[in-house]
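**Q** Quick one: sequence plus predicted model below, questions after.
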Amino acid sequence: MLFIGFYIAITAEAMTAALAAGRRNMDWFGVCLIACVTALGGGTARDILLNHYPLVWVENPYVLLLVCGAALMTIALARIVARLKWPFLLLDALGLVVFTIIGCNIGIESGVHPIIVIVAGMITGIFGGILRDVLCNDIPLVFQGELYATVSIVTGVVYYLGLMAGVPVDLMVIISMAVGFPLRVMALAFKWEMPRFVYDREMRK
Amino acid sequence: MLFIGFYIAITAEAMTAALAAGRRNMDWFGVCLIACVTALGGGTARDILLNHYPLVWVENPYVLLLVCGAALMTIALARIVARLKWPFLLLDALGLVVFTIIGCNIGIESGVHPIIVIVAGMITGIFGGILRDVLCNDIPLVFQGELYATVSIVTGVVYYLGLMAGVPVDLMVIISMAVGFPLRVMALAFKWEMPRFVYDREMRK
Amino acid sequence: MLFIGFYIAITAEAMTAALAAGRRNMDWFGVCLIACVTALGGGTARDILLNHYPLVWVENPYVLLLVCGAALMTIALARIVARLKWPFLLLDALGLVVFTIIGCNIGIESGVHPIIVIVAGMITGIFGGILRDVLCNDIPLVFQGELYATVSIVTGVVYYLGLMAGVPVDLMVIISMAVGFPLRVMALAFKWEMPRFVYDREMRK
């Protein structure tokens, strides 16, 4: 199930990234590259930080073709894709939860401290979007108040605590998704936001 | 020949990067750092992604001195350098092709999948410029329609297919350069461009 | 002493980073992430470039809690913190020197060339601030004329040459701090600046 979820998630990430690149009038190559970075950047960052080689897409390069294919299809179907706002938000929420669980699994495999397991899940879930925003020259969206990283942390904590308590992995995957996915959807529906830190005095070093 | 090409290429990259930094009024240290990142960032990114250590400049730190020297010389000779637009474009085209071939070689050495060999060549060729643009707070140039990454991919594919077909390495280096270099120069001369994906509806997550 | 200095330095870095994030109206999560990247990004970049694993914060995740705690405290105490401009500048100067010495030690341990030892110190000292500025969508401060990287290089050179000359490590730590710290403070007090390279002709590739 995680396996299928992973492919759905990178496809959805690739498509929303392609729209972001289109809004910047990038060329087709730029669209593919932004799609790859967004869909695979989280896992890549996690693996570099944990020294977990080979990287997913180096071992299985067909995911690069899948992501570029999804990005190019988005160019062809931009008018249709743009109307599917809610389906994409749902797929993105699914991706966030699936990526988080996969990241936690890699963390557990690597034998790191529980805090780092949660961090590995969070990096997998959110880092691709941060790289997308840096390459598109935006301040990353994920810092602007949306309940996104928080959902990833909650999902990771539930998943890890469940495993520690002896619940079977398959069941914990379902439970964590059943916690994280509706949490993200409700955050979107009810516009739940993190409090912001607004500070406008100048204290430049 | 690749060896000489490599030194010519990093020197040329360092000098164009220094001009980019000068346009942002950076200080001398910033100029050197942007030059290092542009000239050596592609190879560094490739080696980190393929887990191929030690990095080129860690093993041979004199390339850092060469790059910083070229950058500082550019400051001194800015008026002259700025007039040499076409020589620099040609050196940059040479660098793109040389970097790509070197990157493909590292990929082949590391025993990765053919797709990743091409990707390793492309990352070596274009990633330095992307890092330069991110540090200078621009949307990377390489996404803005120029036939740059495409030249790198074509060069890498020709090189790899030739090697697989049993053509000797030295001959394939010459053949790939004879394909990639004029392709880039013609793209510049005739202003060939990748199609862009222009999309201006709002669909922010 | 380095040990204590390290904790003081990451706390101070976390607090100034939190103020930078607040100036961008980031949410609490963004504030914590910017604080982590600023305080720990230099050491992380150095360890990735030198293939020196596990990373500091992966091995000892409590530093993440310390950094996030310092960032959240800054939100609560923003009014007071903002008045402490000089104490923070002094702590930041201390951090720069301490980070540099720690980075040089890691470089020496890894058995790299002396030039790379100095570079490892410098990356540890300045890279966190560069990442902060990229994520906040600024051109990195460190390229804008302040004597910051230069202080790091001078400190590293003094430290390394001293060790090579056979001076005991503990004494060299004190001597390097006694050189680097006042140098940075004087640079701030007297507004010493690196010369800039101002170049406004267009020569875009």
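**A** Looks like it arrived, so ask away.

**Q** For the rest of this, base every contact and every neighbour count on C-alpha atoms.
**A** Will do.

**Q** tally of neighbours for residue A:20?
**A** Residue A:20 is flanked by 25 other residues according to other CA atoms under 10 Å in any protein chain shown.

**Q** can you pull the contacts of it?
**A** residue A:136 (CA atoms under 8 Å, 6 or more residues apart in numbering or on different chains).

**Q** any idea which helix is longest in chain A?
**A** helix A:85-109 (DSSP state H).

**Q** between the next helix or strand after that one and helix A:85-109, how big is the angle?
**A** Using DSSP states H and E, the helix or strand that follows helix A:85-109 in sequence is helix A:114-135. If you take axes from the mean of the first three to the mean of the last three CA atoms, to 10 degrees, helix A:114-135 sits at 140 degrees to helix A:85-109.

**Q** And the next helix or strand past helix A:114-135?
**A** Following helix A:114-135 in sequence, per DSSP H and E, is helix A:149-164.

**Q** so, in contact with chain B or not, that next one?
**A** No: interface with chain B: helix A:149-164 contributes nothing (CA under 8 Å from any CA of the partner chain), its closest point being 13.8 Å away.

**Q** for that helix, which positions count as buried?
**A** A:149-160, A:162-163 (16 or more other CA atoms under 10 Å in any protein chain shown).

**Q** ok, those vs residue B:69, which is closest?
**A** Set against residue B:69, the nearest of the buried residues of helix A:149-164 by CA to CA is residue A:149 (43.7 Å).

**Q** need the helix or strand of chain A with the lowest average pLDDT.
**A** helix A:78-83 (a mean of 76; mean pLDDT, DSSP states H and E).

**Q** List, one by one, the residues from chain A near chain B.
**A** Contact residues, chain A versus chain B (CA under 8 Å from any CA): A:19, A:21-31, A:48, A:53-55, A:58-59, A:61, A:75, A:78, A:82, A:85, A:89, A:134-137.

**Q** restrict these to contacts with chain C.
**A** A:48, A:134, A:137.

**Q** I'd like those residues as CSV, with pLDDT and neighbour count appended.
**A** As requested, those are arranged in CSV below (pLDDT from 0 to 100; neighbours: other CA atoms under 10 Å in any protein chain shown):
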residue, pLDDT, neighbour count
A:48, 95, 18
A:134, 81, 20
A:137, 74, 21
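
**Q** Any chance of those residues in TSV with distance to residue C:68 as columns?
**A** TSV is the format used below for these (distance: CA to CA, whole Å):
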residue	distance to residue C:68
A:48	22
A:134	22
A:137	26
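
**Q** Quickly name whichever of these is closest to chain B.
**A** Nearest to chain B, judged by CA to the nearest CA, of those is residue A:137 at 5.8 Å.

**Q** Provide a list of residues in contact with the closest one.
**A** Per CA under 8 Å, 6+ apart, neighbours of residue A:137: B:134, B:137, B:138, B:139, C:137.

**Q** ok, now residue A:177?
**A** Under the criterion of CA under 8 Å, 6+ apart, the contact list for residue A:177 reads A:94, A:97, A:98, A:155.

**Q** Return the set of buried residues in the helix or strand harbouring it.
**A** Assigned by DSSP H and E, residue A:177 belongs to helix A:169-189. In terms of neighbour count (16+ other CA under 10 Å), helix A:169-189 has its buried residues at A:172, A:173, A:176, A:177, A:179, A:180, A:181, A:183, A:184, A:185, A:187, A:188.

**Q** now it, how far from the centre of its chain.
**A** Taking the mean of its C-alpha atoms, helix A:169-189 sits 14 Å from the chain's own mean (CA atoms, centre = their mean, to the nearest Å).

**Q** just to revisit the earlier point, let's have the buried residues of helix A:149-164 in JSON lines, adding pLDDT and distance to residue A:193.
**A** Converted to JSON lines, the buried residues of helix A:149-164 look like this (pLDDT from 0 to 100; distance: CA to CA, whole Å):
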{"residue": "A:149", "pLDDT": "88", "distance to residue A:193": "11"}
{"residue": "A:150", "pLDDT": "89", "distance to residue A:193": "10"}
{"residue": "A:151", "pLDDT": "92", "distance to residue A:193": "12"}
{"residue": "A:152", "pLDDT": "93", "distance to residue A:193": "15"}
{"residue": "A:153", "pLDDT": "94", "distance to residue A:193": "15"}
{"residue": "A:154", "pLDDT": "94", "distance to residue A:193": "15"}
{"residue": "A:155", "pLDDT": "96", "distance to residue A:193": "17"}
{"residue": "A:156", "pLDDT": "96", "distance to residue A:193": "20"}
{"residue": "A:157", "pLDDT": "96", "distance to residue A:193": "20"}
{"residue": "A:158", "pLDDT": "96", "distance to residue A:193": "21"}
{"residue": "A:159", "pLDDT": "96", "distance to residue A:193": "23"}
{"residue": "A:160", "pLDDT": "96", "distance to residue A:193": "25"}
{"residue": "A:162", "pLDDT": "95", "distance to residue A:193": "27"}
{"residue": "A:163", "pLDDT": "95", "distance to residue A:193": "29"}
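
**Q** Can I get these in CSV including distance to chain C?
**A** Formatted as CSV, the buried residues of helix A:149-164 follow (distance: CA to the nearest CA, whole Å):
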residue, distance to chain C
A:149, 7
A:150, 8
A:151, 11
A:152, 12
A:153, 11
A:154, 13
A:155, 16
A:156, 16
A:157, 15
A:158, 19
A:159, 19
A:160, 16
A:162, 21
A:163, 20
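
**Q** tell me the two of those residues that are most distant?
**A** Using CA to CA, the pair of those lying farthest apart is A:149 and A:163, separated by 21.2 Å.

**Q** Pipe the buried residues of helix A:149-164 into a markdown table and attach distance to residue B:69 per row.
**A** Compiled in a markdown table, these are given as follows (distance: CA to CA, whole Å):
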| residue | distance to residue B:69 |
| --- | --- |
| A:149 | 44 |
| A:150 | 47 |
| A:151 | 49 |
| A:152 | 46 |
| A:153 | 47 |
| A:154 | 51 |
| A:155 | 51 |
| A:156 | 49 |
| A:157 | 51 |
| A:158 | 54 |
| A:159 | 53 |
| A:160 | 52 |
| A:162 | 57 |
| A:163 | 56 |
